[in-house]
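Novice: The sequence and its predicted three-dimensional model are supplied below.
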Amino acid sequence: MPSLLQRLTTRMPRSVERDTVTLQLEDGRDLEVQRVRDPRAKRLKLSVDERGARLTLPWRASLVSGERFLLQHRDWLAEQLARHAPDDEAPAFVPGATTHLPLRGEDIPLHWHEGRFARIERQDDGIHVHLPARASDATLRRTLRAFYEAEARADVGRWLPAYLSGLPRAPRQIRLKVMSSQWGSLAPDGTLTLDLALVLGRPSAFEYVLVHELCHLLQANHSPAFWREVEARFPSWRDERTWFHAEGRRLKARLHRLLATD
(Lines give C-alpha, C1' and ligand atoms only; values in the text may rest on other atoms or scores of the structure.)
Protein backbone atom coordinates (compact mmCIF):
# COMPACT_ATOMS: atom_id res chain seq x y z
CA MET A 1 0.00 0.00 0.00
CA PRO A 2 1.44 3.42 -0.89
CA SER A 3 2.55 5.52 2.02
CA LEU A 4 0.86 8.80 2.92
CA LEU A 5 3.81 10.67 1.42
CA GLN A 6 3.52 8.74 -1.85
CA ARG A 7 -0.21 9.44 -2.04
CA LEU A 8 0.37 13.13 -1.44
CA THR A 9 3.13 13.40 -4.05
CA THR A 10 1.12 11.55 -6.71
CA ARG A 11 -1.91 13.82 -6.49
CA MET A 12 -2.71 15.65 -9.65
CA PRO A 13 -1.49 19.26 -9.65
CA ARG A 14 -3.99 22.05 -9.27
CA SER A 15 -2.50 24.34 -11.90
CA VAL A 16 -3.63 24.50 -15.51
CA GLU A 17 -0.97 24.11 -18.21
CA ARG A 18 -1.31 25.76 -21.62
CA ASP A 19 0.55 25.50 -24.89
CA THR A 20 -0.31 25.40 -28.60
CA VAL A 21 -0.39 22.68 -31.19
CA THR A 22 -0.60 23.11 -34.98
CA LEU A 23 -3.28 21.23 -36.93
CA GLN A 24 -3.33 21.18 -40.72
CA LEU A 25 -6.84 21.46 -42.14
CA GLU A 26 -7.83 19.62 -45.30
CA ASP A 27 -7.57 22.82 -47.37
CA GLY A 28 -3.90 23.11 -46.39
CA ARG A 29 -4.27 25.86 -43.79
CA ASP A 30 -2.35 25.53 -40.55
CA LEU A 31 -4.48 26.15 -37.48
CA GLU A 32 -3.00 27.06 -34.10
CA VAL A 33 -5.03 25.30 -31.39
CA GLN A 34 -4.65 26.27 -27.75
CA ARG A 35 -4.04 23.07 -25.77
CA VAL A 36 -5.09 23.18 -22.12
CA ARG A 37 -4.30 20.44 -19.64
CA ASP A 38 -6.77 20.94 -16.79
CA PRO A 39 -6.85 18.78 -13.64
CA ARG A 40 -10.59 19.47 -13.35
CA ALA A 41 -11.42 18.22 -16.86
CA LYS A 42 -13.27 14.89 -17.03
CA ARG A 43 -12.92 14.27 -20.76
CA LEU A 44 -11.38 15.56 -23.96
CA LYS A 45 -13.20 18.66 -25.16
CA LEU A 46 -12.86 20.80 -28.29
CA SER A 47 -14.36 24.29 -28.54
CA VAL A 48 -14.25 27.30 -30.84
CA ASP A 49 -15.17 30.84 -29.84
CA GLU A 50 -13.99 34.42 -30.41
CA ARG A 51 -10.55 33.48 -29.04
CA GLY A 52 -10.00 30.66 -31.54
CA ALA A 53 -9.83 26.87 -31.19
CA ARG A 54 -9.19 25.25 -27.81
CA LEU A 55 -8.52 21.62 -26.87
CA THR A 56 -8.97 20.70 -23.22
CA LEU A 57 -7.41 17.49 -21.88
CA PRO A 58 -7.79 15.77 -18.51
CA TRP A 59 -4.49 15.69 -16.66
CA ARG A 60 -3.89 11.97 -17.26
CA ALA A 61 -4.76 12.06 -20.99
CA SER A 62 -1.79 11.64 -23.33
CA LEU A 63 -0.78 14.24 -25.89
CA VAL A 64 -1.12 11.58 -28.59
CA SER A 65 -4.76 11.00 -27.68
CA GLY A 66 -5.33 14.75 -27.90
CA GLU A 67 -3.78 14.97 -31.37
CA ARG A 68 -5.85 11.99 -32.50
CA PHE A 69 -8.99 13.73 -31.17
CA LEU A 70 -8.12 16.86 -33.17
CA LEU A 71 -7.73 14.86 -36.39
CA GLN A 72 -11.06 13.11 -35.83
CA HIS A 73 -12.81 16.48 -35.50
CA ARG A 74 -10.93 18.35 -38.20
CA ASP A 75 -13.99 18.85 -40.43
CA TRP A 76 -16.05 20.08 -37.49
CA LEU A 77 -13.30 22.54 -36.61
CA ALA A 78 -13.26 23.93 -40.15
CA GLU A 79 -17.03 24.46 -40.06
CA GLN A 80 -16.89 26.22 -36.69
CA LEU A 81 -14.02 28.46 -37.78
CA ALA A 82 -15.98 29.51 -40.85
CA ARG A 83 -18.94 30.38 -38.63
CA HIS A 84 -16.73 32.45 -36.34
CA ALA A 85 -14.72 34.03 -39.15
CA PRO A 86 -14.01 37.74 -38.67
CA ASP A 87 -15.39 40.40 -40.97
CA ASP A 88 -12.94 40.47 -43.90
CA GLU A 89 -14.53 43.63 -45.20
CA ALA A 90 -13.56 45.72 -42.18
CA PRO A 91 -12.32 49.01 -43.64
CA ALA A 92 -8.61 49.77 -43.82
CA PHE A 93 -7.25 53.11 -42.60
CA VAL A 94 -6.63 55.09 -45.80
CA PRO A 95 -6.19 58.89 -45.92
CA GLY A 96 -9.16 60.54 -47.59
CA ALA A 97 -10.95 57.25 -48.19
CA THR A 98 -11.79 56.18 -44.65
CA THR A 99 -14.80 58.15 -43.47
CA HIS A 100 -15.37 56.70 -39.98
CA LEU A 101 -13.37 55.15 -37.17
CA PRO A 102 -14.68 52.70 -34.56
CA LEU A 103 -14.51 53.95 -30.99
CA ARG A 104 -16.48 52.87 -27.91
CA GLY A 105 -19.04 50.94 -29.90
CA GLU A 106 -19.71 53.65 -32.47
CA ASP A 107 -18.44 54.58 -35.92
CA ILE A 108 -17.27 58.16 -35.48
CA PRO A 109 -17.07 60.55 -38.49
CA LEU A 110 -13.50 61.12 -39.62
CA HIS A 111 -12.05 64.41 -40.90
CA TRP A 112 -8.69 64.63 -42.70
CA HIS A 113 -6.41 67.67 -42.58
CA GLU A 114 -2.91 68.50 -43.74
CA GLY A 115 -0.61 69.64 -40.95
CA ARG A 116 3.01 69.91 -39.89
CA PHE A 117 2.80 67.02 -37.44
CA ALA A 118 0.90 63.75 -37.45
CA ARG A 119 -1.76 63.73 -34.76
CA ILE A 120 -5.30 62.50 -34.17
CA GLU A 121 -7.74 64.16 -31.82
CA ARG A 122 -11.36 63.72 -30.79
CA GLN A 123 -13.64 66.75 -31.10
CA ASP A 124 -17.39 67.27 -30.78
CA ASP A 125 -18.01 66.72 -34.49
CA GLY A 126 -15.84 63.62 -34.85
CA ILE A 127 -12.23 62.48 -35.05
CA HIS A 128 -9.74 64.77 -36.79
CA VAL A 129 -6.58 63.40 -38.41
CA HIS A 130 -3.74 65.86 -39.13
CA LEU A 131 -0.99 64.58 -41.44
CA PRO A 132 2.03 66.04 -43.22
CA ALA A 133 1.74 65.79 -47.00
CA ARG A 134 4.48 63.14 -47.20
CA ALA A 135 3.55 61.15 -44.12
CA SER A 136 4.39 57.46 -44.49
CA ASP A 137 1.92 54.66 -43.96
CA ALA A 138 3.91 53.56 -40.90
CA THR A 139 3.59 57.05 -39.40
CA LEU A 140 -0.16 56.96 -39.93
CA ARG A 141 -0.49 53.58 -38.18
CA ARG A 142 1.68 54.65 -35.25
CA THR A 143 -0.40 57.79 -34.83
CA LEU A 144 -3.64 55.83 -34.89
CA ARG A 145 -2.32 53.36 -32.35
CA ALA A 146 -1.20 56.19 -30.05
CA PHE A 147 -4.67 57.75 -30.35
CA TYR A 148 -6.41 54.50 -29.40
CA GLU A 149 -4.02 53.94 -26.49
CA ALA A 150 -4.70 57.43 -25.15
CA GLU A 151 -8.46 56.90 -25.41
CA ALA A 152 -8.21 53.50 -23.70
CA ARG A 153 -6.11 54.92 -20.86
CA ALA A 154 -8.66 57.68 -20.37
CA ASP A 155 -11.37 55.04 -19.94
CA VAL A 156 -9.30 52.96 -17.51
CA GLY A 157 -8.41 56.07 -15.53
CA ARG A 158 -12.09 56.95 -15.23
CA TRP A 159 -13.18 53.48 -14.06
CA LEU A 160 -10.27 52.25 -11.97
CA PRO A 161 -10.68 54.35 -8.78
CA ALA A 162 -14.16 52.95 -8.15
CA TYR A 163 -12.80 49.37 -8.00
CA LEU A 164 -9.63 49.80 -5.93
CA SER A 165 -11.45 49.64 -2.60
CA GLY A 166 -11.34 46.09 -1.28
CA LEU A 167 -8.36 45.02 -3.37
CA PRO A 168 -5.13 44.01 -1.63
CA ARG A 169 -3.18 46.41 -3.84
CA ALA A 170 -3.43 48.39 -7.06
CA PRO A 171 -2.02 46.94 -10.30
CA ARG A 172 1.74 47.48 -10.55
CA GLN A 173 1.24 48.96 -14.00
CA ILE A 174 -1.31 48.83 -16.80
CA ARG A 175 -0.23 47.98 -20.32
CA LEU A 176 -2.20 48.16 -23.55
CA LYS A 177 -1.23 45.91 -26.42
CA VAL A 178 -2.67 44.09 -29.40
CA MET A 179 -3.51 40.59 -28.11
CA SER A 180 -4.22 37.74 -30.48
CA SER A 181 -6.60 35.73 -28.31
CA GLN A 182 -6.94 37.06 -24.77
CA TRP A 183 -8.71 40.25 -23.72
CA GLY A 184 -6.62 40.79 -20.63
CA SER A 185 -4.13 39.19 -18.26
CA LEU A 186 -2.59 39.76 -14.85
CA ALA A 187 1.07 38.83 -14.39
CA PRO A 188 2.42 37.52 -11.07
CA ASP A 189 4.18 40.86 -10.51
CA GLY A 190 0.83 42.69 -10.68
CA THR A 191 1.19 44.03 -14.23
CA LEU A 192 -2.26 44.23 -15.83
CA THR A 193 -2.38 43.92 -19.62
CA LEU A 194 -5.46 44.83 -21.66
CA ASP A 195 -6.20 44.29 -25.33
CA LEU A 196 -6.18 47.56 -27.26
CA ALA A 197 -9.16 46.35 -29.30
CA LEU A 198 -11.36 46.83 -26.22
CA VAL A 199 -11.56 50.58 -26.82
CA LEU A 200 -13.24 49.92 -30.18
CA GLY A 201 -16.15 48.03 -28.60
CA ARG A 202 -18.88 48.97 -26.23
CA PRO A 203 -17.57 50.54 -22.99
CA SER A 204 -19.41 48.14 -20.68
CA ALA A 205 -17.49 45.21 -22.21
CA PHE A 206 -14.18 47.02 -21.74
CA GLU A 207 -15.04 47.83 -18.12
CA TYR A 208 -15.97 44.20 -17.46
CA VAL A 209 -12.56 42.98 -18.66
CA LEU A 210 -10.86 45.51 -16.39
CA VAL A 211 -12.91 44.30 -13.40
CA HIS A 212 -12.26 40.66 -14.32
CA GLU A 213 -8.50 41.16 -14.26
CA LEU A 214 -8.59 43.25 -11.08
CA CYS A 215 -10.39 40.40 -9.34
CA HIS A 216 -7.38 38.19 -10.05
CA LEU A 217 -5.56 40.29 -7.45
CA LEU A 218 -7.92 38.57 -4.99
CA GLN A 219 -8.20 35.14 -6.62
CA ALA A 220 -5.49 34.03 -9.05
CA ASN A 221 -7.82 31.48 -10.67
CA HIS A 222 -11.32 31.08 -12.06
CA SER A 223 -12.78 29.34 -9.03
CA PRO A 224 -16.31 29.97 -7.71
CA ALA A 225 -14.72 32.37 -5.21
CA PHE A 226 -13.27 34.36 -8.10
CA TRP A 227 -16.62 34.65 -9.88
CA ARG A 228 -18.24 35.78 -6.63
CA GLU A 229 -15.77 38.66 -6.53
CA VAL A 230 -16.64 39.55 -10.13
CA GLU A 231 -20.37 39.29 -9.43
CA ALA A 232 -20.10 41.63 -6.45
CA ARG A 233 -18.38 44.30 -8.52
CA PHE A 234 -19.95 43.82 -11.94
CA PRO A 235 -23.32 41.99 -11.76
CA SER A 236 -23.93 42.19 -15.52
CA TRP A 237 -20.73 40.33 -16.43
CA ARG A 238 -22.65 37.50 -18.12
CA ASP A 239 -24.15 39.96 -20.63
CA GLU A 240 -20.67 41.17 -21.54
CA ARG A 241 -19.34 37.65 -21.91
CA THR A 242 -22.20 36.87 -24.29
CA TRP A 243 -21.37 40.03 -26.25
CA PHE A 244 -17.74 38.93 -26.61
CA HIS A 245 -18.85 35.56 -27.93
CA ALA A 246 -20.84 37.31 -30.65
CA GLU A 247 -18.58 40.27 -31.47
CA GLY A 248 -15.12 39.55 -30.14
CA ARG A 249 -13.41 38.11 -33.20
CA ARG A 250 -14.84 40.86 -35.40
CA LEU A 251 -13.53 43.49 -32.99
CA LYS A 252 -10.00 42.06 -32.98
CA ALA A 253 -10.04 41.71 -36.77
CA ARG A 254 -11.09 45.33 -37.19
CA LEU A 255 -8.22 46.64 -35.08
CA HIS A 256 -5.78 44.41 -36.95
CA ARG A 257 -6.99 45.75 -40.27
CA LEU A 258 -6.78 49.37 -39.11
CA LEU A 259 -3.25 48.97 -37.77
CA ALA A 260 -1.93 46.70 -40.52
CA THR A 261 1.09 48.01 -42.39
CA ASP A 262 0.76 45.83 -45.47
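Specialist: Thanks, I have it.
Novice: Show the contacting residues for the residue nearest to the spatial centre of the chain.
Specialist: The centroid of the chain falls nearest to residue 183 when counting by C-alpha atoms, centre = their mean (2.3 Å). By C-beta atoms under 8 Å, 6 or more residues apart in numbering, the contact set of residue 183 is 194, 195, 198, 209, 244, 248. The way it works is simple: take the backbone N, C-alpha and C, and place the C-beta from them, glycine included.
Novice: please redo it, this time with the cut-off set to 10 Å
Specialist: If a contact means C-beta atoms under 10 Å, 6 or more residues apart in numbering, then residue 183 has 50-51, 193-195, 197-198, 201, 205-206, 208-210, 212-213, 244, 248, 251-252 as its contacts.
Novice: Distance of it relative to residue 67?
Specialist: Relative to residue 67, residue 183 is positioned 28 Å away (C-beta to C-beta, to the nearest Å).
Novice: Do a quick rundown of the strands in the chain.
Specialist: 17-24, 30-38, 45-49, 52-58, 100-103, 106-114, 119-123, 126-131, 173-177, 184-186, 191-195 (DSSP state E).
Novice: want to throw these into a markdown table with mean pLDDT and mean neighbour count?
Specialist: What follows is those, written out as a markdown table (pLDDT from 0 to 100; neighbours: other C-beta atoms under 10 Å):
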| stretch | mean pLDDT | mean neighbour count |
| --- | --- | --- |
| strand 17-24 | 83 | 12 |
| strand 30-38 | 84 | 16 |
| strand 45-49 | 83 | 16 |
| strand 52-58 | 87 | 19 |
| strand 100-103 | 94 | 18 |
| strand 106-114 | 94 | 13 |
| strand 119-123 | 95 | 14 |
| strand 126-131 | 95 | 19 |
| strand 173-177 | 95 | 15 |
| strand 184-186 | 92 | 18 |
| strand 191-195 | 96 | 20 |
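Novice: With distance to residue 77 as extra columns, can I get those in TSV?
Specialist: Output for the strands of the chain, formatted as TSV (distance: least, C-beta to C-beta, whole Å):
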stretch	distance to residue 77
strand 17-24	7
strand 30-38	7
strand 45-49	7
strand 52-58	6
strand 100-103	29
strand 106-114	33
strand 119-123	39
strand 126-131	39
strand 173-177	28
strand 184-186	25
strand 191-195	24
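Novice: what about the ones you listed, which gets the closest to residue 74?
Specialist: strand 17-24 (6.7 Å; C-beta to C-beta).
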